[in-house]
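[1] coords below, sequence missing:
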């Protein structure tokens, strides 16, 4: 494993770079097994020349975790997003449960006369409650079965959102049985919990009320509870709508960030010369052949060769010690590139020069640094050109700075103040003691091709050109590579929008149901109003007033809640620390519009009531 000798991340004390999976025999103590694996690992690494010093080797260790829990680093990377989605899903579930409770309340009130007669004939209230709860359980089970269908259909959609354009999704589409069991149990529990209240209210109806058709006491209390549930739905919907707006705004900020790159007519080709069998001594000739082969293609402008490209999920770094300065204790990322690399990715040289054709493997070792490197390692106003630096105090003369380039974004937009330096592809400082055949850093990992115009057949031309030189591991446009770095944020934004729209729909349905029930309950009253000369517009206004009051109360509760919730999600937002008033106003307008649509339908129905039919209603 000599390839590890020059890989920087193996020396980072907090970097997990090796994952081992194995099957443990029953009864084996994990502590003893961990110690044994550590000994074997150190023995293997001690056989690799120049990999670790003795002091570093003693610190190398493994952490054993159950394989069923997955890779720990992935859990840490995605845990915040997953927790957020769980909370959002819970809020949507809360809105759905409020709708179910409203439905059961209406159903219970419509059966009031039946329940009163049953009670008068000797039925025990506990038995009535059990009957109503049984209906709730049946409803919850049917909802759970419908949810299973949605889960299987939605799993495919979610994976396509998480892995856009992937030919083979690396995760099984079918939801796991434990997750399905949990979801079904949750639907059953929520159905019972939100059915207990309506069942209890319905069972408390007195038998004498069956003889009082005009009684309104129970119905009025139920109506207040229904309106309270609608207010809750409106408040939660506003929170989810504002959240969807904030994550969409964060995604827009990310995608509109000035990366100091030019992705137009650029194509990224990933290669692996080492896997193709090239030795270090053959790389100079290989890189020249690649450049000449692509320049022979019509329309090719620049051919950049590098270890890794901007906005790629990769990073090499090393400590930096400026000659003549005290130890800094700081590090910087570094990239190897050929003379056309900066032009191929659109990075501009702002001082001195870039990597030139004269910077061969036998020439003096040079480096080009970025603006943040200059700010971090040199005093303000000092000229970095001609200064020397290296990875340690004994090697401060390794590289001479010959140029400064503007700060371009590498790895992630979130990485601010990113110090970087760039060195020629095959140059090696004299202080490097390891033989050339052990230096894996001079292997290129990517080719950046800039063309004069868009070329739809570039992938075919690339594979044909490299067929006899080096197999293509991956081909994509520069724009595609940059877009891939925003996949997580794009997925979260789309899911929050989906959940927000679903919450809005459920809240609108709930408001419509309550308003329609209120109109049905007040049919005789509305008929009398119309019979004595009330204008139909006044009837619409009366009905809409009730719907608007519920929404206003929901907004009054939801706005303070969403202002508090922003504090908990701002770590997942890009350069957003508070709720944008524009988003809050927009979410409020959307919720008000949905409420207006949900309320106007029963309001118009109320205004069209025939007084004669209304008087015969009961």
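    Everything's here; your move. For clarity, every value in this text was computed on a predicted model and none was experimentally measured.
[2] how about the helices in the stretch 201-350 of the chain?
    For the stretch 201-350 of the chain, the helices defined by DSSP state H, counting those that start in this stretch cover 217-255, 283-295, 341-345.
[3] highest mean neighbour count out of these?
    Comparing those by mean neighbour count (mean count of other CB atoms under 10 Å), helix 341-345 ranks first with a mean of 24. Using the backbone N, CA and C atoms, a C-beta is placed for each residue, glycine as well.
[4] which helices and strands sit right next to that one?
    Counting contacts by 3 or more CB pairs under 8 Å, 6 or more residues apart in numbering; DSSP states H and E, helix 341-345 is packed against strand 300-306, strand 446-451.
[5] residues making contact with the last one?
    Residues from elsewhere that reach strand 446-451, judged by CB atoms under 8 Å, 6 or more residues apart in numbering: 265-271, 290, 294, 299-309, 312, 341, 343-345, 458, 462, 478.
[6] now do stretch 134-152
    By CB under 8 Å, 6+ apart, the surrounding residues in contact with stretch 134-152 are 100, 104, 174-175, 180, 183-184, 187-188, 190-192, 194-195, 199.
[7] which among those end up buried?
    100, 104, 180, 184, 187-188, 190-191, 194-195, 199 (16 or more other CB atoms under 10 Å).
[8] dump those residues into TSV; add pLDDT as well.
    Formatted as TSV, the buried ones among the contacts of stretch 134-152 follow (pLDDT from 0 to 100):
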residue	pLDDT
100	79
104	72
180	78
184	81
187	80
188	81
190	79
191	76
194	74
195	73
199	68
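[9] greatest separation within those: which pair is it?
    The distance between the two most remote of those (CB to CB) is 27.6 Å, for 180 and 199.
[10] name the element the residue nearest to residue 251 when sequence neighbours are not counted belongs to?
    The spatial neighbour of residue 251 that comes closest, neighbours along the chain excluded (CB to CB, 6 or more residues apart in numbering), is residue 493 at 4.4 Å. Assigned by DSSP states H and E, residue 493 belongs to helix 487-521.
[11] between helix 487-521 and the helix or strand that comes right after that helix, find me the angle.
    Remark: after helix 487-521, the chain's next helix or strand is helix 523-531, criterion DSSP H and E. Inter-element angle recorded for helix 523-531 and helix 487-521: 70 degrees (by axes from the mean of the first three to the mean of the last three CA atoms, to 10 degrees).
[12] in helix 523-531, which residues are buried?
    So helix 523-531, judged by 16+ other CB under 10 Å, has buried residues 523-524, 526-527, 529-530.
[13] reformat these as TSV; add distance to residue 390.
    Below are the buried residues of helix 523-531 laid out as TSV (distance: CB to CB, whole Å):
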residue	distance to residue 390
523	88
524	92
526	88
527	93
529	90
530	92
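[14] ok, of those residues, which one's closest to residue 612?
    Out of the buried residues of helix 523-531, the member with the shortest distance to residue 612 (by CB to CB) is residue 527, at 7.8 Å.
[15] okay, now the domains of this protein?
    Domain ranges of the chain: 20-69, 80-257+488-615, 273-470, per automatic domain parsing.
[16] name the spans of the chain whose pLDDT lies under the cut-off.
    The model of the chain has pLDDT under 70 over residues 1-17, 49-55, 67-77, 107-113, 115, 162-174, 197-199, 201-222, 613-618.
[17] where along it do the strands fall?
    Secondary structure of the chain (DSSP state E): strands at 266-271, 300-306, 317-319, 321-322, 331-337, 349-352, 366-370, 388-390, 399-405, 420-424, 446-451, 472-477.
[18] check which helices and strands the last one sits against.
    Right, the one you point to is strand 472-477. With contacts taken as 3+ CB pairs under 8 Å, 6+ apart, strand 472-477 sits against strand 266-271, helix 458-466.
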